[in-house]
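Chemist: Here is my input; please provide its structure:
(chains A and B)
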Amino acid sequence: ETGVTQTPRHLVMGMTNKKSLKCEQHLGHNAMYWYKQSAKKPLELMFVYNFKEQTENNSVPSRFSPECPNSSHLFLHLHTLQPEDSALYLCASRKGASASSGANVLTFGAGSRLTVL
Amino acid sequence: AQSVTQPDIHITVSEGASLELRCNYSYGATPYLFWYVQSPGQGLQLLLKYFSGDTLVQGIKGFEAEFKRSQSSFNLRKPSVHWSDAAEYFCAVSTTSGTYKYIFGTGTRLKVLA
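Modeler: Just a heads-up that it's a prediction; the model follows:
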């Protein structure tokens, strides 16, 4: 399998549930990203990891907890979410996370559609 | 502040007609520029990118875009639209220093009439 794979593709959860989104990339990239896509809003960057270290947290509420155990895997742990957190969550990867490492592009997964009831 | 503006939220064209999607950006230096396409329920697929050099760049699926520094624009064009081009199109600028990240526009939804 190649590219960026996200699971599950669809998730419905109650506000008191705890769930996780998973992202896996088979591209040999070192940087991984979480973006949130809500209707009628630009894609919002949430987190950036470079070589498993978090390099960016875009003021994301603590009910979203990322985890990057290695350069190929990225998780987004969800707990006590609100209905306004319903969105498409996109994972992306890149060869390096530093802008100076070259003009690489981000490769995106298909996304996980989250609905919070 | 860095920003990307896509002034057209929706565009409808007839199949076979030409297409131009507008994108304007605000960035302090020469940016890296991208166009992505998103079909329903899917992630973002890269159409084309501009890093430097020739300001007219060719992409996949017959798309091209022209970087105009004086207008801070990076408009996407296609001479003849196919029904399968119906999707949402996103323009993005990436940072060229610090942590590499994209800033996206709000997207333009393209509808193609048979």
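Chemist: Cross-check the contact I'm expecting between residue A:55 and residue B:98.
Modeler: No: counting by CB atoms under 8 Å, residue A:55 does not reach residue B:98; the two are 9.0 Å apart. Any C-beta I mention is one placed from the backbone N, CA and C, and that applies to glycine too.
Chemist: Can you list the low-confidence ranges for chain A?
Modeler: Across chain A, the stretches falling below the confidence threshold (pLDDT under 70) are A:1-2, A:97-103.
Chemist: who's in contact with the residue nearest the centre of chain A?
Modeler: Residue closest to the average C-alpha location in chain A (CA atoms, centre = their mean): residue A:34, at 2.6 Å. Neighbouring residues of residue A:34 by CB atoms under 8 Å, 6 or more residues apart in numbering or on different chains: A:23, A:45-47, A:66, A:74, A:76, A:89-91.
Chemist: residues in chain B within reach of chain A, list them.
Modeler: Within chain B, the positions near chain A by CB under 8 Å from any CB of the partner chain are B:4, B:32, B:34, B:36, B:41-46, B:49, B:51, B:90, B:94-107.
Chemist: Let's see which of these end up in strands.
Modeler: Mapping the residues of chain B next to chain A onto strands (DSSP state E) picks out B:4, B:32, B:34, B:36, B:45-46, B:49, B:90, B:94, B:102-104.
Chemist: quick one on the thing from earlier: state whether the residue nearest to the centre of chain A is indeed within a helix.
Modeler: No: under DSSP: H, G, I helix; E, B strand; the rest coil, residue A:34 sits outside any helix and is assigned strand.
Chemist: so what strands line up beside the lowest-mean-pLDDT helix or strand in chain B?
Modeler: Lowest on mean pLDDT, DSSP states H and E among the helices and strands of chain B sits strand B:102-104, with a mean of 89. Partner strands for strand B:102-104, per DSSP bridges, with pairing direction: strand B:87-94 (antiparallel).
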